[in-house]
Each structure stands twice: as structure tokens, then as C-alpha cells.
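> fold the following for me, if possible:
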Amino acid sequence: MEGVEVIAEVVSGNRLGRKLGFPTANMDISNREDISNGVYRSKIVIDGVVYNAMSNVGVRPSVDSTGRWLETHIFDFHGDLYGRVLAVTLVDKIRNERKFASVAELRQQLEHDMEYCKSQL
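Below is the predicted model:
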């Protein structure tokens with residue numbers, strides 16, 4: 001896989017992604033200043049299997065979060081990843097991170113981002 005690789009432990013988040021239908025594997029990347037904030041087409045390796053995904057890098061401005069996070073929504077995967085150290089590769093950036101006026105607007109953008117990422121497979 002090409003791109004920037006992040007290896008980190010999956011930690012519990014605020015579970016908003018799950019409520020929106022986009023559960024994510026959350027990783028604290030406060031120490032990774034070499035990655036610009038934004039939404040990326042990505043890949044993640046779980047138990048030796050490579051999954052396509054989309055990831056957000058940043059501060060989650062729509063939910064008034066603290067810290068800097070990598071949140072990865074994994075296509076066609078269902079399972080518990082909390083506490084596991086995983087490798088995520090950010091393949092290419094598709095847009096900048098931004099604040100949305102509402103959770104509904106955020107969800108609509110996530111749908112669009114996912115459609116775009118899947119069209120690039």
C-alpha cells in the first residue's frame with residue numbers, strides 16, 4: 001500500500017459515528033504533525049486482511065472535540081477493535097476537514113465521501 005501509514009491503538013470515542021451509521025476505529029494521533037487534517041481514502045489491515053476505508057484526520061470541529069484523532073470507517077467490517085494496535089494507510093486526501101452546521105449535514109457529507117471512496121476502488 002502507498003501513502004502515509006499510521007500505527008496506533010484503537011481507543012473508545014464518543015460513538016457519534018456509530019449513531020450516524022458510520023462506526024469508526026479511533027486513534028489518538030496528537031503526535032503526528034506530518035499528516036494534514038482532512039478526509040482520506042484509506043486502507044486498514046486487520047488480522048492480515050486489507051480493508052478499504054475512509055478516514056478523518058483532525059480535531060472533529062463539528063462535535064467540539066479535544067485532541068487530534070484519526071477516525072477510520074472500515075467498509076464491510078463488523079467487529080470490536082478496541083485496544084488493538086492497527087495499521088491505517090492514508091491513500092489520498094479527498095477534502096479538508098470542516099465544521100458542519102448540523103449532525104444531519106455531517107451525515108450527508110459522510111455519505112458523499114463514502115460513495116466517492118468506493119468509486120475509486
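
> distance of Ser55 relative to Glu105?
Computed as C-beta to C-beta, to the nearest Å, the Ser55 to Glu105 distance reads 20 Å. For every residue, glycine as well, the C-beta is placed using N, CA and C.

> quick one: terminal-to-terminal distance for stretch 74-88?
10 Å (C-alpha to C-alpha, to the nearest Å).

> got the contact list for it?
5-12, 25, 27, 42-46, 51-55, 70, 72, 114, 117-118 (C-beta atoms under 8 Å, 6 or more residues apart in numbering).

> follow-up on the earlier one: quick one, which of Ser55 and Glu105 is more surrounded?
Ser55 (30 against 12; other C-beta atoms under 10 Å).

> what's the first helix or strand after whichever helix or strand that one is part of?
Using DSSP states H and E, Ser55 sits within strand 49-58. Toward the C-terminus, strand 49-58 is succeeded by strand 69-74 as the next helix or strand (DSSP H and E).

> between that following strand and strand 49-58, how many degrees?
140 degrees (axes from the mean of the first three to the mean of the last three C-alpha atoms, to 10 degrees).

> chain center to strand 69-74: distance?
2 Å (C-alpha atoms, centre = their mean, to the nearest Å).

> partners of it in the sheet?
strand 25-28 (antiparallel), strand 49-58 (antiparallel) (DSSP bridges).
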